[in-house]
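A.B. asks: sequence and computational prediction follow.
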Amino acid sequence: MKKESFYITTTLPYVNAPLHMGHALELVRADAIARYKKLIGYDVFFNTGTDEHGIKIYQKAKENEIEIQDFVDQGFDTFKKQLKMFGMSDDIHFVRTTDKHHEAAAQEFWKKVNDNGYIYKKNYETKYCIGCESEKTDSELEDDECRDHPGIKVSIINEENYFFKYSAFGDKLLGFYEKNPDFIVPDFRFNEIKAFVKKGLQDFSISRLKSKMPWGIAVPGDEDHVMYVWFDALTNYISTLGWPEDTEQFKKYWENGNPTQYCGKDNTRFQGAMWQAMLIAADLPNSHQVVVDGFITGEGGVRMSKTLGNVVDPREIVSEYGTDALRYFLLREVGSFEDSPFTLERFKDAYNSGLANGLGNLSSRIMTMAVSNNITISEFPSFEDVLEIFSEDEEIQFHKYIEKFDIKKAIDLVWFQVQLLDGIIQKSQPFKLVKSENLEDSEKGKKQIEELILGLYYIAKLLEPILPETSKKIQQLIKENKKPDAPLFLRKE
RNA sequence: GCCGGUAUAGUUCAAUGGUAGAACAGUGCACUCAUAAAGCACAAAAAAUGGUUCAAUUCCAUUUACCGGCACCA
């Protein structure tokens, strides 16, 4: 049987700073979905990468007095290291917007859109802050002054730019949304985008003068311009597949792989509307789904910021608690779609109760019984077998929740199983039964322990896409009939 | 300002036109296989006002508070 294909991607973080908790959230979630799909037999293409062009990178490299290419290379290295800390799939694909192939693909994409008549040149007025030496958007300004440089009015700069005829795509987008009622998840984000598109779209500028922004992809046929972020970066989702030359791969994963894009809520419009209009303009098929995460906030739902001192760095969490602990929190304790607070205290509570006292302790108590009584299981059901067992109830189905990207609810089912096993041990006390002089009782105890081991094995299996490291450890303990050398998750005080 | 959403226990979240459930935290009991863990029990909640209804936490309206969107921000 030919395997079905599946494509999933994150957005590309800008490479000038380390990843923050929001990036970790998006990456880990996409990773869990990718792993899940693989486990149920899909041929998965999982994409991520780095956005490496733009004026900010140019400036930062100059500030640090290093070559721009070296600067982005370092950034990419840091990025890859951090992905390891988040426990990302080994077979993840990386795309860098400075890749030669990507640059060529972006240019080809531009040409197609241009050939179709959706690109034109016109005068563009930008607001420029002399203090920051960069352009400002209206939302960054108050009274025509940028916040970092009060007292200096922004200057208006006129330049010729290329524009994309976004305005021509309003009805097409609305028609597409109509036909794909689950295009953006969750639905309230979808409603926002629909409302935005209904209000009418304005053409937007897609190039900058090379003299002002030297670090970018050249506009085909015009030496004086480079692409602005949209055509430069969004095109990565298909360039990563080898588009345009590799038609086979493109067909397999983009046309037939239900391309799914994870992003943070600040990105909804670009993924859900702009990129989709660009695809239509290039005669290419649309994405299949856009999944939008909420933001990670500080205590009380306030924004994380250095000045408030409420920033939690994912790297700190990993070095103190481990990769799977971070994943556990991001996948289970952070709201699936709404904004959610991440504080050290909240994290520690969840870690202790869910991982140390819950999963970790259960593994210890079951494996101790298994080892000291030399009891093993003989069958090791596959992920799909276990999935079926956990889908018996029509309403509560592990896979249904995952397919709806409600990973938290799926994980809740696993922890329900943890609680169940703990309860069974307490009630039937197999540890006592096996010691009984009465042969019938001791046999009964053995049987119960066997069932507990199998139950633990189910848990480990279901955790494969969620906590891959821990899942592997537990499966190994069961297969080798060993107690954990050290607690799986040491309780923290 | 306009449009949308939310308001439930200390906290994070459920369900529901007719006794409001859970998890974590708290208190107590008790067990000993386990990471002083787990188990049992207890305590604890509907923003305000009005309306519809035999009955409203649920439906409607108003008020208040908070959140999100309202374009060139990855």
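C.D. replies: Sure, I can see it.
A.B. asks: use CA for all of it now, contacts and neighbours both
C.D. replies: Noted.
A.B. asks: I'd say A:Ala282 and A:Asn116 touch.
C.D. replies: Yes. Using C-alpha atoms under 8 Å, A:Ala282 makes contact with A:Asn116 at a distance of 7.3 Å.
A.B. asks: what about those two, which has more around it?
C.D. replies: Using other C-alpha atoms under 10 Å as the criterion, A:Ala282 and A:Asn116 rank with A:Ala282 on top: 20 against 12.
A.B. asks: just to be sure, A:Val371 is in a strand?
C.D. replies: No. Counting by DSSP: H, G, I helix; E, B strand; the rest coil, A:Val371 falls outside a strand, being helix.
A.B. asks: so what's it up against?
C.D. replies: Shown in contact with A:Val371 (C-alpha atoms under 8 Å, 6 or more residues apart in numbering): A:Asn481, A:Lys482, A:Lys483.
A.B. asks: confidence score at the closest residue to the first one other than its chain neighbours?
C.D. replies: For A:Asn481, the nearest residue in space outside its immediate sequence neighbours is A:Val371; the separation is 5.9 Å by C-alpha to C-alpha, 6 or more residues apart in numbering. Confidence per residue is given as pLDDT, and for A:Val371 that number is 94.
A.B. asks: quick one on the thing from earlier: which one among the contacts of A:Val371 gets closest to RNA strand B?
C.D. replies: A:Lys483 (8.8 Å; C-alpha to the nearest atom of the strand).
A.B. asks: the closest one touches A:Ser364, doesn't it?
C.D. replies: Yes. Under the criterion of C-alpha under 8 Å, A:Lys483 makes contact with A:Ser364 at 6.5 Å.
A.B. asks: what's the nearest residue in the stretch 351-493 of chain A when you look at RNA strand B?
C.D. replies: Here the stretch 351-493 of chain A gets closest to RNA strand B at one residue, A:Gly360, 2.5 Å apart by C-alpha to the nearest atom of the strand.
A.B. asks: can you get me a residue count around that residue?
C.D. replies: A:Gly360 has 22 nearby residues by other C-alpha under 10 Å.
A.B. asks: so which bits of the stretch 251-400 of chain A are right by RNA strand B?
C.D. replies: Within the stretch 251-400 of chain A, the positions adjacent to RNA strand B are A:265-267, A:269-271, A:300-301, A:333, A:335, A:338-340, A:349-350, A:352-366, A:368-369 by C-alpha under 7 Å from any atom of the strand.
A.B. asks: buried ones among those residues?
C.D. replies: With burial judged by 16 or more other C-alpha atoms under 10 Å, the buried subset of those is A:265, A:269, A:271, A:333, A:335, A:339-340, A:350, A:352, A:354-364, A:366, A:368-369.
A.B. asks: now stretch A:437-449, how far from the chain's geometric center?
C.D. replies: Relative to the chain's own centre, stretch A:437-449 is displaced by 47 Å; criterion: C-alpha atoms, centre = their mean, to the nearest Å.
A.B. asks: I misspoke; the intended subject was stretch A:260-271.
C.D. replies: Using C-alpha atoms, centre = their mean, the offset of stretch A:260-271 from its chain centre is 10 Å.
A.B. asks: first vs last residue of that stretch, how far apart are they?
C.D. replies: 10 Å (C-alpha to C-alpha, to the nearest Å).
A.B. asks: residues in contact with that stretch?
C.D. replies: A:7-11, A:22, A:26, A:30, A:189, A:193, A:287-295.
A.B. asks: repeat that for stretch A:209-220.
C.D. replies: A:53-55, A:58, A:103, A:106-107, A:110-111, A:159-161, A:207, A:223-228, A:232.
A.B. asks: go again using 6 Å as the cut-off
C.D. replies: With C-alpha atoms under 6 Å, 6 or more residues apart in numbering as the test, stretch A:209-220 has contacts from A:His53, A:Gly54, A:Ile55, A:Asp224, A:His225, A:Val226, A:Met227.
A.B. asks: cool, stretch A:155-173 as well?
C.D. replies: Contacts for stretch A:155-173 (C-alpha under 6 Å, 6+ apart): A:118-128, A:197, A:201-207.
A.B. asks: try stretch A:347-361
C.D. replies: A:Leu488, A:Phe489, A:Leu490, A:Arg491.
A.B. asks: for the residue nearest to A:Gln249 when sequence neighbours are not counted, pull up the helix or strand it's in.
C.D. replies: Distances taken as C-alpha to C-alpha, 6+ apart place A:Leu241 nearest to A:Gln249, at 6.1 Å, with adjacent residues excluded. For A:Leu241, there is no helix or strand it lies in under DSSP states H and E.
A.B. asks: what number of residues lie near A:Leu241?
C.D. replies: Neighbours of A:Leu241 under the rule other C-alpha under 10 Å: 24.
A.B. asks: look up phi and psi at it.
C.D. replies: phi -90, psi 0 (degrees, to the nearest 10).
A.B. asks: from RNA strand B, how far off is it?
C.D. replies: With distances taken as C-alpha to the nearest atom of the strand, to the nearest Å, A:Leu241 is found 16 Å from RNA strand B.
A.B. asks: in the stretch 151-300 of chain A, what residue comes closest to RNA strand B?
C.D. replies: A:Leu201 (3.1 Å).
A.B. asks: residues in contact with that residue?
C.D. replies: A:Ser167.
A.B. asks: for it, give me the pLDDT.
C.D. replies: 90.
A.B. asks: over to A:Glu140?
C.D. replies: The model reports A:Glu140 with a pLDDT of 66.
A.B. asks: now A:Thr297
C.D. replies: At A:Thr297, pLDDT is 82.
A.B. asks: same deal with A:Lys56?
C.D. replies: 85.
A.B. asks: does it lie in a helix or a strand, and which?
C.D. replies: A:Lys56 belongs to helix A:55-63, assigned by DSSP H and E.
A.B. asks: in whichever helix or strand comes after that helix, what's buried?
C.D. replies: Next helix or strand after helix A:55-63 toward the C-terminus (DSSP H and E): helix A:68-85. Neighbour-count burial for helix A:68-85, counted by 16+ other C-alpha under 10 Å, picks out A:Ile68, A:Phe71, A:Val72, A:Asp73, A:Gly75, A:Phe76, A:Phe79, A:Gln82, A:Leu83, A:Met85.
A.B. asks: rewinding a little: phi and psi next, for the residue of the stretch 151-300 of chain A closest to RNA strand B.
C.D. replies: Backbone dihedrals for A:Leu201, given as degrees, to the nearest 10, come out at phi -100, psi 140.
A.B. asks: for it, give its distance to A:Tyr166.
C.D. replies: Separation of A:Leu201 from A:Tyr166 (C-alpha to C-alpha): 6 Å.
A.B. asks: in the stretch 1-150 of chain A, which residue sits nearest RNA strand B?
C.D. replies: Nearest residue of the stretch 1-150 of chain A to RNA strand B (C-alpha to the nearest atom of the strand) works out as A:Thr137 at 3.3 Å.
A.B. asks: that residue - how many residues pack around it?
C.D. replies: When neighbours are counted by other C-alpha under 10 Å, A:Thr137 registers 11.
A.B. asks: find the nearest non-adjacent residue to it, please.
C.D. replies: Excluding the flanking residues, the one nearest A:Thr137 by C-alpha to C-alpha, 6+ apart is A:Lys127, at 7.0 Å.
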